[in-house]
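Engineer: just to be clear, the model below is a prediction. Sequence and coordinates:
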Amino acid sequence: MRKIYFILTFLCFWGLAASSALAQQFPKDTLQLTLAQAEKMFLNENLALIIQRYEVDQAKAEVITARLFENPEFGFESNLYNPGDKRFFDYSSTGGQYAAQLSQLFLTAGKRNKNIQLAKISVQLSENQFYDLLRTLRYALRSNFYKIYFQQQSANVYHQEISSLQQTLKVFEQQYLKGNIAQKELLRIKSQLYSLQAELNELQQETEEVQAELKLLIRARPTAYIVPEAPPYLDQKEILSKLTYTQLLDSALNHRADLKIARTQVEYSAINQKLQQAMAIPDVTMSLSFDKKGNFIDNYSGIGISLPLPFFNRNQGAIKQAKIAVEASKAQLLNQQDLVENEVAKSFNGALRLENLYNSFDPKFREDFDHLINEVFKNYQKRNISLLEFLDFYSSYKENALQMNNLQLNRINSLEELNYVIGTQIFNQ
């Protein structure tokens, strides 16, 4: 009779523990998000993106500045005191004196057009830097989103087992006091419970760190607890079967923003070299002047031209620096291309390996394992297996669930990494 009471009580607490674990795992300030909603918040609210957009606007304003012509200069000179007439500021027709000059600087050798070209290229650089930042932060956003989702799935396993053991421990303590079970069984449950609580605590700390990163990316409330909703493509198979390394590399060469930055930098350096060479050619200043009485005739008017003579400074140092910058930017472009090729190869091989591993698992494996753990529980009720064997089977179930979660996380992250190195969203859109 005691055994029947013990088994029924154990079953009751087991069911209550599972339901309470699922009901109490999330705090009240919960923010449930789909990946699309998180990305929308990210694009609208992320401060790093907003700052980079301002950088683009500033670069566009530089184009306006580069298009402007030099302002003309006006000069005026007047006599302060006429000692003959003893008058200040004498502007009379007989003794007054004043002079005026108007001058205009004209840039030569196409300097203005070259400055405009450089300003436009700077806009391209700023835009590509924005897209490169967007690529990096979006990868972090999506990776954190998936990581939190699978960590919470793993936490569910811990919550269910811990809650079950806590309730079971209460029953076993009562049965131990009545002499129905041995002390070693009671200590074994306590040891298992403490071990699970320590593992769950480590998992929760990791989740809090990832939560903080994700909340910063989307500017969610600091007190919010984000609960990602499962994307519909998590169990999708054969994603990479129709793709080749060459296709992915071509996509990366066309879309990678950092590679576009390197190409644009080569163009910028080439235009800057031409500008520095043009700076060696003197600019011309044209002027008009009028002098009432200070020249060889009264009411003198004249036209003038002035330019520096390039005897010593012909901008030699800046020209040499510009030539070196051209060669350096070309080398940087080659280095960036090599980096892209290696990143694509590495990410593709890793994603393909994880996809093959994931596809090799029987889809019914988890269902079969769930069925097995239920049979193990029934056998424990009938005392066909010991408590130690039962807990070992349950630990195996937990490890299997965690490993499957980690495998799915690693697989989906490998696809996201492939999106990142390609520079466009081919998968998991």
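Structural biologist: Thanks, I have the structure now. Here the structure is a predicted model, which is why all the values come from computation and not from measurement.
Engineer: show me the contacts for the closest residue to residue 109 other than its chain neighbours.
Structural biologist: Once flanking residues are discounted, residue 109 sits nearest to residue 278: 3.7 Å by Cβ to Cβ, 6 or more residues apart in numbering. Backbone N, C-alpha and C define where each C-beta goes, glycine included. Each residue near residue 278 by Cβ atoms under 8 Å, 6 or more residues apart in numbering is listed here: 108, 109, 110, 111, 114.
Engineer: which residue ranges form the helices in this structure?
Structural biologist: Secondary structure of the chain (DSSP state H): helices at 2-23, 35-45, 47-67, 111-177, 183-218, 245-255, 257-278, 316-360, 365-381, 387-422.
Engineer: just tell me which of those helices ends up closest to residue 228.
Structural biologist: helix 111-177 (4.1 Å; Cβ to Cβ).
Engineer: tell me the mean pLDDT over that closest one?
Structural biologist: For helix 111-177, mean pLDDT rounds to 92.
Engineer: how deep is residue 330 tucked in, by neighbour count?
Structural biologist: Neighbourhood size, residue 330 [other Cβ atoms under 10 Å]: 15.
Engineer: residues contacting it?
Structural biologist: When contacts are counted by Cβ under 8 Å, 6+ apart, residue 330 touches residue 266.
Engineer: how close does it sit to residue 423?
Structural biologist: As judged by Cβ to Cβ, to the nearest Å, residue 330 and residue 423 stand 21 Å apart.
Engineer: again, but for residue 73
Structural biologist: Relative to residue 423, residue 73 is positioned 50 Å away (Cβ to Cβ).
Engineer: out of those two, which sits in the busier spot?
Structural biologist: The neighbour comparison of residue 73 against residue 423 (other Cβ under 10 Å) goes to residue 423, with 22 against 12.
Engineer: which ones are touching that one?
Structural biologist: By Cβ under 8 Å, 6+ apart, the residues touching residue 423 are 135, 251, 252, 254, 255, 256, 257, 259.
Engineer: if you set the cut-off to 7 Å instead, what comes out?
Structural biologist: By Cβ atoms under 7 Å, 6 or more residues apart in numbering, the contact list for residue 423 reads 135, 252, 255, 256, 257.
Engineer: can I get those residues in TSV with distance to residue 286 and neighbour count?
Structural biologist: Below are the contacts of residue 423 laid out as TSV (distance: Cβ to Cβ, whole Å; neighbours: other Cβ atoms under 10 Å):
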residue	distance to residue 286	neighbour count
135	51	21
252	53	22
255	50	16
256	49	26
257	45	18
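Engineer: which one of these sits closest to residue 216?
Structural biologist: Closest approach between the contacts of residue 423 and residue 216, by Cβ to Cβ: residue 135, at 17.7 Å.
Engineer: what pairs with residue 31 across the strands?
Structural biologist: Per DSSP bridges, the residues bridged to residue 31 are residue 226.
Engineer: neighbours of it, how many?
Structural biologist: By other Cβ under 10 Å, the residues close to residue 31 number 19.
Engineer: check residue 338 too.
Structural biologist: Per other Cβ under 10 Å, the neighbour tally for residue 338 reads 10.
Engineer: distance of residue 74 from residue 312?
Structural biologist: Distance, residue 74 to residue 312, by Cβ to Cβ: 31 Å.
Engineer: could you do residue 67 as well?
Structural biologist: According to Cβ to Cβ, residue 67 and residue 312 sit 32 Å apart.
Engineer: out of these two, name the residue with the larger neighbour count.
Structural biologist: Neighbour tally, residue 67 and residue 312, criterion other Cβ under 10 Å: the higher count belongs to residue 67, 12 against 7.
Engineer: quick one: contacts for the more buried one?
Structural biologist: residue 116.
Engineer: chain neighbours aside, what residue packs nearest to residue 328?
Structural biologist: residue 269 (7.6 Å).
Engineer: you'd agree that neighbour is up against residue 325?
Structural biologist: Yes - contact criterion Cβ atoms under 7 Å: residue 269 and residue 325 qualify, at 4.5 Å.
Engineer: quick one: pLDDT of the residue nearest to residue 109?
Structural biologist: pLDDT for residue 278: 96.
Engineer: please apply the same query to the one 5 residues further on.
Structural biologist: On pLDDT, residue 283 comes in at 95.
Engineer: any idea how far it lies from residue 104?
Structural biologist: 11 Å.
Engineer: now residue 311
Structural biologist: 25 Å.
Engineer: between those two, which one's more packed in?
Structural biologist: residue 104 (14 against 6).
Engineer: show me what contacts the more buried one?
Structural biologist: Contact analysis of residue 104 by Cβ under 7 Å, 6+ apart lists 72, 285, 286.
Engineer: burial measure for the first one, as a count.
Structural biologist: By that I understand residue 72. As a burial measure, residue 72 scores 12 neighbours (other Cβ under 10 Å).
Engineer: that older thread, and of the contacts of residue 423, the nearest to residue 341?
Structural biologist: Looking at the contacts of residue 423 and their distance to residue 341, the nearest is residue 252, at 8.1 Å (Cβ to Cβ).
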